[in-house]
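Undergrad: Sequence plus predicted model, see below.
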Amino acid sequence: MTANKSERLLNLLILLLVSRTYVSKDKIRDAVEEYRQQSSREAFEKMFERDKDELRALGIPVEHGSADAYFDDEHGYRVARDAFELPDLQLEPDEAAVVGLAARVWQHAGLASATSQALLKLKAAGIETDREVLDVVQPRLVADEPSFDALWQATQTRTEVSFDYRRASAMTPSPRRLQPWGMVSALGRWYVVGHDVDRGEPRLFRLSRVSGDVVAHGAPGSYAVPEGTDLRALTRELQRDRAVGTAVLRLRADAAHDLRRRASSIGPDPDPHDGTEGWDRAEVPFANLDQFAGEVLAALDAVEVLEPAELRDVVVARLEGVLA
Amino acid sequence: MSSARDQVNRLLALVPYLQSHEEVRLDDAAAAFGVTPAQIVRDLQVLWFCGLPGLGPGDMIDVDMDAFEDEGDGVIRLSNADYLSRPLRLGSTEASALIVALRAMREGSPESSRDAIDRALAKLEDATADGAPEASASAVVEVPPHVLATAPTAAMLEEAVRGGHAVRLTYFVPSRDETTERVVDPLAVLVAEGHTYLDAWCHLAEARRLFRLDRVSAAEVLEEPAARHHVPSRDLSDGLFEPGPDDVVATVRLAAPARWVAEYYPVESSRELADHGLEVTLRVGDPQWLVRLVLRLAPHAAVVSPSELAERVAAAAGATLERYRS
């Protein structure tokens, strides 16, 4: 069965692809054996409609139209070669090699297979992608948020969506309507940026806080992304709490490694004021004071804040809060 | 058995692939397409009945039969299908998945290889411009600095997994705040929650452990082969925590600003409190981890039970406060 159907689909495609004009349904029925064998016109049409959808699902641009605007009965179908074929694409060996490495970046089932399919097409165009290469970092892109697929799809097709969104401190999610402009992965988390329809301005949503289903509204392509939109810059702006200061910390030797890794400078403490040895002094930039105070607290007594005074005060107040 | 759609999809790449090579070994074709040689043979059999409309003797696609006789070593030659000499263009998801992956690679690569990535990107964006107008603009990936920093280590460890070699790790254990050296048998390199991990059998702990790569300060692939461990592969989609026999079940009260904890860590149960807070029970493998967590959240979290843990939190807070009072 599969083989018969594959054969029929392929012959239909070849027919529509090699024809210079639109091919009428009658001619299509004549040309494909299985269509001829259908007992009724209705049965043929049903089969043809399904096959046409199958071809379109594969991304084949099956066009409907007429070569002659005045004669309705000349209506038919075709596949235009320039819309069907991969355009000419020549990759130098080093370019082909980096493209080959891209195959392993996505750790998301759907996008990993989309990448493999893309590479297979390039291979079919005579491009050898499986070469060893150079010094290239292959990061891994993970996308395991349940809402990822639906939002990715909506972003690709410019389709308005609605979903329930839970803010960090809120008890219950609230409904949102969004025209998604783009997806951004930052610090290992996915965000969607777009026009919030109800609030009438750009907003940023973290995918892990989307609860339940993402529902599509309206037709694809029903809005445009404002010209000159820079997703990266917009995301920064919407996050609002980027780098605000640098802390000076005392760190016990061989401890507080998480903070050490983020230090912009680090060295032995020049002034071991309590006479103890084995302490370092580090400068660590931070984005959000309260959050950073939390990181300092998580390092327990291996860290002491020297500056800024505001951070020192927050840390002390929070510790007193625990003991109160 | 694959569906007709999958088969046609494969054939639309296989036909141009075979035509762009003079002859292809059946095994090589199967490997290139990630299917069995038997599947390639079934695919080619479909082509026997395909060709130009009319399907007269000169219209059929010509498939040379050697491959069907000598299993694996057979060679495939295909001709008379000029109209399928190019593959189908990239779909919008295919194009954007590939382009976003290359952009992510570009970000972390040294200047010397960025040039090749940029050239490849420009050509791909050009070749997909009509099919996927928005593909290139609609996703941005900022690779976290710690992931970039660990990428070379990840590549080296993946090599060790493939080659079956043991690895010596210098590893920082955060809950004890100390650096240790150990030999492990690597099982897999995984990504979860924004970090890259090595899943490995640890000779020191004599147990399977996850090592976060940004806590690995040195890794050396050893000559000695890794011992084989018949263990199921890990699924990290539900988070990283795995219950163990020595776990403590702790009850923690979270005020509204600390509610996010219930989203980030697998909680056994949770109960809404009157003041928008939550009371959760957590399974804790390492009590020190919970002490750090509660102080990170201070004063919005408190251990309700067990009381020993509540006391440890108070003692840690007291010792830390001492630093500011001396």
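TA: Received it, and whenever you're ready, just let me know what you need.
Undergrad: C-alpha only now, for contacts and for neighbours.
TA: OK.
Undergrad: Am I right that A:V18 is in contact with B:A81?
TA: No - using Cα atoms under 8 Å as the test, A:V18 is too far from B:A81 to be in contact (10.9 Å).
Undergrad: Identify the residues contacting A:E34.
TA: Contact analysis of A:E34 by Cα atoms under 8 Å, 6 or more residues apart in numbering or on different chains lists A:R8.
Undergrad: go on, the one 4 residues further on?
TA: Residues near A:Q38 by Cα under 8 Å, 6+ apart: A:F44.
Undergrad: sec struct for B:V8, please.
TA: Of the three states, B:V8 takes helix according to DSSP: H, G, I helix; E, B strand; the rest coil.
Undergrad: again but with B:L190, I slipped
TA: Applying three-state DSSP: B:L190 is strand.
Undergrad: out of A:V18 and B:A81, which sits in the more crowded spot?
TA: B:A81 (19 against 16; other Cα atoms under 10 Å in any protein chain shown).
Undergrad: Would you tell me what helix or strand B:H229 is located in?
TA: Using DSSP states H and E, B:H229 maps to neither a helix nor a strand.
Undergrad: count of neighbours near the nearest residue to it once chain neighbours are set aside?
TA: Distances taken as Cα to Cα, 6 or more residues apart in numbering or on different chains place B:W201 nearest to B:H229, at 7.8 Å, with adjacent residues excluded. When neighbours are counted by other Cα under 10 Å, B:W201 registers 23.
Undergrad: For B:W201, give me its contacts.
TA: Contacts here follow Cα under 8 Å, 6+ apart; on that basis B:W201 touches B:184-187, B:207-209, B:229.
Undergrad: What segments of the stretch 151-300 of chain B are strands?
TA: With strands called from DSSP state E, counting those that start in this stretch, the stretch 151-300 of chain B shows them at B:165-173, B:178-192, B:195-202, B:207-212, B:216-225, B:248-254, B:267-272, B:278-284.
Undergrad: In TSV: the ones you listed, plus distance to A:E237 and mean pLDDT.
TA: TSV is the format used below for the strands of the stretch 151-300 of chain B (distance: least, Cα to Cα, whole Å; pLDDT from 0 to 100):
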stretch	distance to A:E237	mean pLDDT
strand B:165-173	35	90
strand B:178-192	27	85
strand B:195-202	25	87
strand B:207-212	31	86
strand B:216-225	33	89
strand B:248-254	30	90
strand B:267-272	33	84
strand B:278-284	31	88
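Undergrad: Can you check which of these gets nearest to A:R78?
TA: Closest to A:R78 of those is strand B:178-192 (Cα to Cα; 45.5 Å).
Undergrad: list the helices and strands that closest one packs on?
TA: In terms of contacts (3 or more Cα pairs under 8 Å, 6 or more residues apart in numbering or on different chains; DSSP states H and E), strand B:178-192 is packed against helix B:145-163, strand B:165-173, strand B:195-202.
Undergrad: Looking at the ones you listed, spot the one closest to B:R77.
TA: Ranking the helices and strands packed on strand B:178-192 by proximity to B:R77 (Cα to Cα) places helix B:145-163 first, at 34.1 Å.
Undergrad: for the record, mean pLDDT for the closest one?
TA: In this model, helix B:145-163 has a mean pLDDT of 80.
Undergrad: which residues of the stretch 101-250 of chain A score low on pLDDT?
TA: A:131-137, A:168-171, A:187-188, A:240-244 (pLDDT under 70).
Undergrad: For the stretch 151-300 of chain B, what lies in contact range of chain A?
TA: B:151-152, B:155, B:172, B:174, B:177-179, B:191-195, B:237, B:256-260, B:276, B:291-299 (Cα under 8 Å from any Cα of the partner chain).
Undergrad: switch to 7 Å and redo it
TA: Residues of the stretch 151-300 of chain B that fall close to chain A, judged by Cα under 7 Å from any Cα of the partner chain: B:151-152, B:177-178, B:191, B:193-194, B:237, B:256-257, B:259-260, B:276, B:292-293, B:295-299.
Undergrad: Could I have the buried ones of those residues as ChimeraX selection syntax?
TA: Buried members of these, defined by 16 or more other Cα atoms under 10 Å in any protein chain shown, are picked up in ChimeraX with:
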select /B:151,152,191,193,194,256,257,259,260,292,293,295,296,297,298,299
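Undergrad: Enumerate the positions of the one helix or strand A:L55 maps to that are buried.
TA: For A:L55, the element it lies in under DSSP H and E is helix A:41-57. Judged by neighbour count using 16+ other Cα under 10 Å, the buried positions of helix A:41-57 are A:44, A:48, A:51-52, A:54-55.
Undergrad: Not counting that helix itself, show me its contacts.
TA: By Cα atoms under 7 Å, 6 or more residues apart in numbering or on different chains, the surrounding residues in contact with helix A:41-57 are A:9, A:35, A:38, A:62, B:5.
Undergrad: residues contacting the second one?
TA: In other words, A:Y35. A:29, A:44.
Undergrad: Just the CA coordinates for the one helix or strand it maps to, please, in PDB.
TA: Under the criterion of DSSP H and E, A:Y35 resides in helix A:33-37. Output of helix A:33-37 as PDB, limited to C-alpha atoms (Å, rounded to 0.1, in the frame of the first residue of the first chain):
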ATOM      1  CA  GLU A  33      -2.800   5.100 -13.400                       C
ATOM      2  CA  GLU A  34      -4.500   4.800 -10.000                       C
ATOM      3  CA  TYR A  35      -6.700   7.800 -10.700                       C
ATOM      4  CA  ARG A  36      -7.800   6.200 -14.000                       C
ATOM      5  CA  GLN A  37      -8.700   3.100 -12.100                       C
END
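Undergrad: Quick one: mean pLDDT over that helix.
TA: Here the average pLDDT along helix A:33-37 is 93.
Undergrad: Could you tell me how many residues sit around A:A247?
TA: Using other Cα under 10 Å: A:A247 sits among 20 other residues.
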